[in-house]
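Q: just need the structure, nothing else, for what follows:
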Amino acid sequence: MFDTLKTLGFQIEIHSHAQAILSVDFPDAVAELERVIGGLTIPIEEIIGSGGGETQGTQRLRRGLADIGWTKMNFVVEKRINGVAREAISHEIDHVKRFANGVIALEIEWNNKDPFFDRDLENFKRLHADGAISVGIIVTRGTSMQDEMRAMVMRFARDRKIGCNADLEALGMTRTPRQKKAVDKRVAAGGQFADAWSSLFVSDKFGAATTHWSKLEDRVHRGVGNPCPLVLIGLPARIVTFGEGLSLEEIADREEAMARDGILPFL
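A: Got it, this is the predicted structure:
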């Protein structure tokens, strides 16, 4: 199952009989997800320009899923006594699709704080227990993406010949005084500017406490979300592309426009 994604380097883990359920009752769902997720690419400029927030690449993935019916849904579970609602709990899921044999829920966690995994898994657990969903799916940064992020940002810095603060500002990047001071300190100690900036950018934006594969895997292996059938999908480093020469200012402008339109949240 998900062999196409595996061939493309995506990490796949399947838990609690999700493979049997999907193969028998939801083969169309698997084909749809392979087609949309397998076609994802993210130019390195979008990672840099997003400043660690959700990239336009992940927004393209969201739009691709929405275009084939995987849309946001707010599940409301009510407790009623003699027909009167006494308690209601809501669970908002970003991508949900109803098929002939049931409902599948999917969340994309590109770069949130890692406790968001607890929220997603507990939501899936409750909704599965209430019979609202058959399978829960989480898409996040895979191991190779996390491990190679610094090298990819470094490659961007070298390709753009970034050697000082002025070079970053010329690209349209804004940084805090703390970030500038931290880079300058490393350079003063004998480091190269591109190396110092790349390391700080990744540690600030894609640190160990953010949503990525090992944080998700650890929770699932500890039983968080159990017994909801789960599929975990890790985005590989190979989907990050180079050489497009995109303008960071243009990327920032597009993100601001998407925020105004309600597609992206303001960060």
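
Q: and the strands in the stretch 101-250 of the chain?
A: Assigned by DSSP state E, counting those that start in this stretch, the strands in the stretch 101-250 of the chain fall at 102-109, 135-141, 230-235, 240-241.

Q: can you show me the helices along the stretch 151-267 of the chain?
A: Assigned by DSSP state H, counting those that start in this stretch, the stretch 151-267 of the chain shows helices spanning 165-170, 177-188, 193-205, 213-221, 248-260.

Q: alpha carbons only: can I get the third one in CSV?
A: This file holds the C-alpha atoms of helix 193-205, laid out as CSV (Å, rounded to 0.1, in the frame of the first residue of the first chain):
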residue,chain,number,x,y,z
PHE,A,193,28.4,34.0,7.4
ALA,A,194,26.4,31.6,5.2
ASP,A,195,27.0,28.7,7.6
ALA,A,196,26.2,30.8,10.7
TRP,A,197,23.0,32.1,9.1
SER,A,198,21.9,28.7,7.8
SER,A,199,22.4,27.0,11.2
LEU,A,200,20.5,29.7,13.1
PHE,A,201,17.6,29.8,10.5
VAL,A,202,17.1,26.1,10.8
SER,A,203,17.4,25.9,14.6
ASP,A,204,15.0,28.8,15.0
LYS,A,205,12.4,27.7,12.5
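
Q: now that helix: buried residues?
A: Phe193, Ala194, Asp195, Ala196, Trp197, Ser198, Ser199, Leu200, Phe201, Val202, Lys205 (16 or more other CB atoms under 10 Å). In this view, the C-beta of every residue, glycine as well, is placed from N, C-alpha and C.

Q: need the winner for burial among the strands of the stretch 101-250 of the chain.
A: Mean neighbour count (mean count of other CB atoms under 10 Å) peaks for strand 135-141 among the strands of the stretch 101-250 of the chain, with a mean of 26.

Q: what angle do it and helix 213-221 make?
A: Put simply, strand 135-141 runs at 150 degrees to helix 213-221, going by axes from the mean of the first three to the mean of the last three CA atoms, to 10 degrees.

Q: just give me the longest strand of the chain.
A: Of all the segments of type strand in the chain, defined by DSSP state E, the longest one is strand 84-99.

Q: how about the strands of the stretch 101-250 of the chain in TSV, adding distance to Gln11 and mean pLDDT?
A: Formatted as TSV, the strands of the stretch 101-250 of the chain follow (distance: least, CB to CB, whole Å; pLDDT from 0 to 100):
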stretch	distance to Gln11	mean pLDDT
strand 102-109	14	96
strand 135-141	9	97
strand 230-235	3	98
strand 240-241	15	96
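
Q: now those in JSON lines, with distance to Leu168?
A: Compiled in JSON lines, the strands of the stretch 101-250 of the chain are given as follows (distance: least, CB to CB, whole Å):
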{"stretch": "strand 102-109", "distance to Leu168": "28"}
{"stretch": "strand 135-141", "distance to Leu168": "24"}
{"stretch": "strand 230-235", "distance to Leu168": "26"}
{"stretch": "strand 240-241", "distance to Leu168": "20"}
